[in-house]
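**Student:** A predicted structure for the sequence below; I have some questions about it.
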Amino acid sequence: MKALTIHQPWASLLAIGAKRYETRGWATKYRGAIAIHAGKAKVIDLREETMLAASRCLGIDAGDPLMYRQAMDSLPRGAVIAVAALVDCHEIYARADGAICIAPRGVETVLSGDERAFGLWESGRFAWELADVRILPAPCPAMGQQGLWNWEV
């Protein structure tokens with residue numbers, strides 16, 4: 001199965017369905033089953049808007065910085081945590097009015113809310129659309145790689 005390594009908390013947000021698109025600097029023609037691998041790196045520092053949205057979606061108290069950091073550090077790392085279907089890859093663009101958009105199946109979609117907070121939405125980047133996400137019963141330890149890679153189930 002193809003796999004994609006993603007930093008936390010993005011991997012967990014995809015796994016629970018709070019994030020539908022993974023933004024990347026490159027497109028892919030691959031469509032089909034994909035494993036969501038949470039990378040080994042420690043949770044990255046987030047902008048305040050992103051931190052609050054991620055905390056709310058993951059059920060983490062962002063009001064106490066120590067508790068927040070401990071909760072973020074407890075997210076699974078170095079393991080496949082979910083599987084999904086990669087159904088499409090859309091180029092990201094900005095409209096003249098500043099709205100950030102993609103055009104799945106030819107219909108313009110304006111990104112807002114949590115989805116916008118959970119990605120790097122710059123013109124020329126790509127939004128990988130995931131569907132049918134299923135969390136695994138337990139994280140499966142695995143060494144991640146850059147790009148798409150093969151995960152031996």
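**Tutor:** On my side now, so go ahead. Numbering: from 1, shown residues only.
**Student:** okay, CA-based contacts and neighbour counts for the rest of this
**Tutor:** Will do.
**Student:** And the strands in this protein, which stretches?
**Tutor:** 2-6, 21-24, 32-38, 79-91, 93-94, 100-102, 109-110, 126-141, 148-150 (DSSP state E).
**Student:** name the helices or strands packed onto the fifth one?
**Tutor:** Counting contacts by 3 or more Cα pairs under 8 Å, 6 or more residues apart in numbering; DSSP states H and E, the secondary-structure elements packed against strand 93-94 are strand 100-102.
**Student:** Can you tell me the closest non-neighbouring residue to residue 51?
**Tutor:** When the adjacent residues along the chain are set aside, residue 51 lies closest to residue 62, with 7.5 Å between them (Cα to Cα, 6 or more residues apart in numbering).
**Student:** Identify the residues contacting the one you found.
**Tutor:** For residue 62, the contacting residues are 51, 52, 55, 68, by Cα atoms under 8 Å, 6 or more residues apart in numbering.
**Student:** Quick check: it vs residue 17, distance?
**Tutor:** 20 Å (Cα to Cα, to the nearest Å).
**Student:** Angles on the backbone of residue 142, please.
**Tutor:** The phi and psi torsions at residue 142 (degrees, to the nearest 10) take the values phi -160, psi 150.
**Student:** any idea of the pLDDT on residue 6?
**Tutor:** Per-residue confidence for residue 6 comes out at a pLDDT of 95.
**Student:** thought it was touching residue 36?
**Tutor:** Yes. Residue 6 is within contact range of residue 36, at 7.1 Å (criterion: Cα atoms under 8 Å).
**Student:** Settle it for me: which of the two has more neighbours?
**Tutor:** Relative neighbour count places residue 36 above the other of residue 6 and residue 36, with 28 against 24, counting by other Cα atoms under 10 Å.
**Student:** what's across from the more buried one in the sheet?
**Tutor:** Beta bridges link residue 36 to residue 4, residue 82, judged by DSSP bridges.
**Student:** Without its sequence neighbours, what residue ends up closest to residue 120?
**Tutor:** Counting by Cα to Cα, 6+ apart, residue 23 is the residue found nearest to residue 120 once chain neighbours are left out, at 6.0 Å.
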